[in-house]
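Asker: sequence-free structure coming up:
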């Protein structure tokens, strides 16, 4: 569905007038969060509440979050299987019945509603029923929806005579009154959402700029209703011998429904001068074990999560270690061999990892390269061949591994 598609903007889309945002405007994103007071105290907001965050693109970032927030209400509902009903006549729908949560009753004006599963919610739901996913999908693909309905109802009789534990469901309600089942979450789920991630990212970097000469811009943001990934690029350049320059990027990402909620990582913007004498940048990223600065899971208690935020001060150590690795790029003697390593990896990649762009990328990688500059230009071309955000992320990993580790 178009409304759930991942979108993005880059610094090129940012207005010249967007030189930053007030701390008070960023605070509005999390004003109604249950842990607002804890975040406010931990990040010592009182000392900066009247400040202006001088990060170009920050105003667009905050406004983007506001627009997304206005499109959906999100809530988490606990329900047992026996309080669910199913409709498989046209696709797959789940009706949640006998809802006793007062806040949800007020929001829905009822004690029941019907939701359509999106993303992997249907697969996860069916997999949790005696691994029924493949069997049910095969039946529905062949028009035997009635058999799926029969099996779903039969499961109720099993749960009636056994432990019918409640599960927690993340539900979205759009402005047209449509309900969507986004995911099945853990009962120990704490709502570290997209607004929290953007709030912490902006406040933390603002404090970093106050204590150093470093400056940042919002280089890129990728997002949908349950996910955000923001790239804060440092304007501090480091020369990379025989290659060009690098700028470190702090990537603040969040997935509201996966086990890992917030992640702060390092990405590299590698800049070089093209044959046409233009400054070009290529994003590359090491594997998580190398790039992660801080990670907070959805099942972590708020107090633990807040304490872990202190680890963000380690970001420079992570970046310095990566810089030592990156020096190996300037030692590449046979650029065409690196191209073949990348082509081999892409050739062996599963179809889902590069979507429809795989064949076009492989075709482009037949070009011979003789210099590091030619190699970097070719790698930039293949990244532009895919518009899918997850595919771009996959390419960044592959490229980094090949350039740095020759594998």
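Answerer: Looks like it arrived, so ask away. Note that this is a predicted model, so its numbers are computed, not measured.
Asker: when you work out contacts or count neighbours from here on, use the C-alpha atoms and nothing else.
Answerer: Will do.
Asker: hmm, who's touching the helix or strand in which residue 374 is found?
Answerer: Using DSSP states H and E, residue 374 falls within helix 372-384. For helix 372-384, contacts defined as Cα atoms under 8 Å, 6 or more residues apart in numbering pick out 243, 272-275, 282, 330, 332, 335-336, 339, 361, 364-365, 369, 392, 395, 399.
Asker: check which helices and strands the helix or strand just after it sits against.
Answerer: Sequence order places helix 389-405 as the next helix or strand after helix 372-384, per DSSP H and E. Applying 3 or more Cα pairs under 8 Å, 6 or more residues apart in numbering; DSSP states H and E, one finds that helix 389-405 contacts strand 279-284, helix 335-348, helix 351-354, helix 372-384.
Asker: okay, those in JSON lines with distance to residue 16, mean pLDDT and mean neighbour count next?
Answerer: Listed next are these as JSON lines, based on distance: least, Cα to Cα, whole Å; pLDDT from 0 to 100; neighbours: other Cα atoms under 10 Å:
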{"stretch": "strand 279-284", "distance to residue 16": "20", "mean pLDDT": "92", "mean neighbour count": "18"}
{"stretch": "helix 335-348", "distance to residue 16": "38", "mean pLDDT": "95", "mean neighbour count": "18"}
{"stretch": "helix 351-354", "distance to residue 16": "34", "mean pLDDT": "72", "mean neighbour count": "16"}
{"stretch": "helix 372-384", "distance to residue 16": "25", "mean pLDDT": "93", "mean neighbour count": "19"}
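Asker: among these, which is nearest residue 76?
Answerer: helix 351-354 (29.6 Å; Cα to Cα).
Asker: now do the buried residues in the helix or strand following that closest one.
Answerer: Moving toward the C-terminus from helix 351-354, the next helix or strand (DSSP H and E) is helix 358-364. Within helix 358-364, the residues that count as buried by 16 or more other Cα atoms under 10 Å are 358, 361-362.
Asker: which of these has the weakest pLDDT?
Answerer: When the buried residues of helix 358-364 are compared on pLDDT, residue 358 comes out lowest, with 89.
Asker: isn't that one right next to residue 348, touching?
Answerer: No. Counting by Cα atoms under 8 Å, residue 358 stays clear of residue 348, with 10.2 Å between them.
Asker: can you list the buried residues of helix 358-364 in CSV and add distance to residue 105?
Answerer: Listed next are these as CSV, based on distance: Cα to Cα, whole Å:
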residue, distance to residue 105
358, 47
361, 51
362, 53
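Asker: residue 327 contacts residue 240, correct?
Answerer: Yes. If you go by Cα under 8 Å, residue 327 and residue 240 touch, sitting 6.3 Å apart.
Asker: picking that back up, need the helices and strands packed on helix 389-405 in TSV with distance to residue 99, can you?
Answerer: Putting the helices and strands packed on helix 389-405 into TSV (distance: least, Cα to Cα, whole Å) gives the following:
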stretch	distance to residue 99
strand 279-284	47
helix 335-348	48
helix 351-354	38
helix 372-384	47
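Asker: just checking, which helix or strand of the chain averages the lowest pLDDT?
Answerer: helix 351-354 (a mean of 72; mean pLDDT, DSSP states H and E).
Asker: what pLDDT does residue 163 get?
Answerer: On the pLDDT scale, residue 163 is placed at 66.
Asker: point out where this structure drops to low pLDDT.
Answerer: Along the chain, segments meeting pLDDT under 70 span 1, 161-163, 259-260, 351-352.
Asker: regarding residue 105, what is its secondary structure?
Answerer: Residue 105 falls in the helix class when you classify it by DSSP: H, G, I helix; E, B strand; the rest coil.
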